[in-house]
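Peer 1: starting from these lines, generate the structure:
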Amino acid sequence: MSFQALLSDLTDSGYYPSSVSTFAEHIPRDWLELATKQANQVTVRRRKLVSEYVLWLVVGMAFFRNEPLIEIARRMNISIDGEAVDTVMAKSALTQARQKLGSESLAWLFRHSAGQWATERYPGDNWQGLQVFAIDGALFRTADTQELRSHFGSGNTSTSRQTPYPVCRVVTVMNVHSHLLLDAQISPYRKSEMPLATAMLNTLPDNSVTLLDKGFFSAPLLHQLGSRENNRHWLLPMRKGCRYEVIEDYGDGDQLIEMRVSPQSRKQTPTLPETWQARAVTYQVGQSTKTVLTSLPARQFEAKAVAELYHQRWQIELGFRDIKSSMQNNALTLRSKTVELVYQELWGLLLAYNLIRREASLAAVSHGYTPDDVSFKFACQFIAAELINMAVAVSPANTPKRLENLRGNIAILFLKKRPRPSRPRAVKMSKTRYPVNYRASPLK
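Peer 2: Okay, here's the model as predicted:
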């Protein structure tokens, strides 16, 4: 179906805000209807704020982090009769609408859309025939209320003290080339990253390689992730002090090693063998020696290429930086004050991140660039500004033209490939006039 026909279908059933139509090309109307059916309470009556509009309101919270809900609804003109610009709704009505929607709708819509977007192929999204993904986690602080602290917990210190704010954990799977998220898990801080990552392994496509950090060094997880039948592979650093036996030496720091599976792992997963094998690639970084383990076979993939591939794992860290810095404006905590709304806000944040990434990726491809060439910060700011401009263009007929202009104007957001400075990096001298206690304990 063409975008013009899709837009016509959206407007046949009633007023559809022009700002919301900005992403109608990415999220069809039937996806929204299926998502809102996941809500705790389905709205039967036709209200000013039906579930679909509340869903877009939550996504809008990610674009306008420092604005109140009333201002977000006004800016995006989110109302069934198109009167949000002139008639501001009660703040309590917006909060109640969010509570009725719940978090399951946003979670379903994120996973349904991410499963299709993150596996799309873009120019450069290929490493020797494989798609490259990464798994890692990040922490988000919440407001300090008794309900949130009881549910999410906080980072414990070496003493009886706790961190000033409750903390929730988010673990994601990211396509390192397009930076689109394939899946995510949100949980309290007390739950570790390992079981959250294990729950997402089935979403990884065939013909792929997944990059992990050393915290995911686990025989059960890697045994489940690696699948020669589906051509799925993994790559992560060797843990310090790892004991192994060399089975075969391929030369130039390239070996096949065998390690024993711990009794704890075999008790947890009785189907595991007593030993497991992996390929160990050792290489130099400056004066340091690094070793990575992988399931990539030596007969197909050279050791140098495998060592260079692991450096791409840092792309998922940059993705978390984009979410916390560019979208959240380095805010100390999330804005929601209840458990259900915290989950809802985070799913809306991840969905908004994917929307920006996909729009930027399509714009890059249309101009002959790769998704890596687009600045996420400027793309986020540019799209947020366009949401406001489209909200005042009540006529849906203007939306396709504005969308075309939006994708065309993103051309100015491409990153310039500047050469690295010739001078070495150095730490500048501190200019403080006060003495510094270098032995002071870190702030909690």
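
Peer 1: for residue 176, which non-adjacent residue is closest in space?
Peer 2: Spatial nearest neighbour of residue 176, chain neighbours left out: residue 315 (4.1 Å); criterion: Cβ to Cβ, 6 or more residues apart in numbering. Yep, even glycine has a C-beta here, placed from its N, CA and C like the rest.

Peer 1: brain fart, residue 138
Peer 2: According to Cβ to Cβ, 6+ apart, the nearest residue to residue 138 is residue 320 (4.4 Å).

Peer 1: contacts for the helix or strand containing that neighbour, please.
Peer 2: Using DSSP states H and E, residue 320 sits in helix 314-321. Residues outside helix 314-321 that contact it (Cβ atoms under 8 Å, 6 or more residues apart in numbering): 134-136, 138, 172, 174, 176-177, 179, 181, 211, 353.

Peer 1: make JSON lines from those residues and add pLDDT to it.
Peer 2: Shown next, in JSON lines, are those (pLDDT from 0 to 100):
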{"residue": "134", "pLDDT": "96"}
{"residue": "135", "pLDDT": "96"}
{"residue": "136", "pLDDT": "96"}
{"residue": "138", "pLDDT": "95"}
{"residue": "172", "pLDDT": "97"}
{"residue": "174", "pLDDT": "96"}
{"residue": "176", "pLDDT": "94"}
{"residue": "177", "pLDDT": "92"}
{"residue": "179", "pLDDT": "93"}
{"residue": "181", "pLDDT": "96"}
{"residue": "211", "pLDDT": "96"}
{"residue": "353", "pLDDT": "94"}
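
Peer 1: let's have the residues you listed in a markdown table, adding secondary structure, distance to residue 217 and neighbour count.
Peer 2: Listed next are the contacts of helix 314-321 as a markdown table, based on DSSP: H, G, I helix; E, B strand; the rest coil; distance: Cβ to Cβ, whole Å; neighbours: other Cβ atoms under 10 Å:
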| residue | secondary structure | distance to residue 217 | neighbour count |
| --- | --- | --- | --- |
| 134 | strand | 15 | 25 |
| 135 | strand | 13 | 28 |
| 136 | strand | 14 | 23 |
| 138 | strand | 19 | 17 |
| 172 | strand | 19 | 26 |
| 174 | strand | 20 | 28 |
| 176 | coil | 20 | 24 |
| 177 | coil | 25 | 22 |
| 179 | coil | 25 | 25 |
| 181 | strand | 23 | 25 |
| 211 | strand | 13 | 26 |
| 353 | helix | 28 | 26 |
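
Peer 1: hang on, residue 154 is in a helix, isn't it?
Peer 2: No - checked against DSSP: H, G, I helix; E, B strand; the rest coil, residue 154 lies outside a helix; its state is coil.

Peer 1: please enumerate the strands of the stretch 51-200 of the chain.
Peer 2: Listed in chain order, the strands of the stretch 51-200 of the chain (DSSP state E, counting those that start in this stretch) span residues 131-141, 167-175, 181-188.

Peer 1: deepest of those, which one?
Peer 2: Each of these was scored by mean neighbour count; the highest is strand 167-175, a mean of 24, by mean count of other Cβ atoms under 10 Å.
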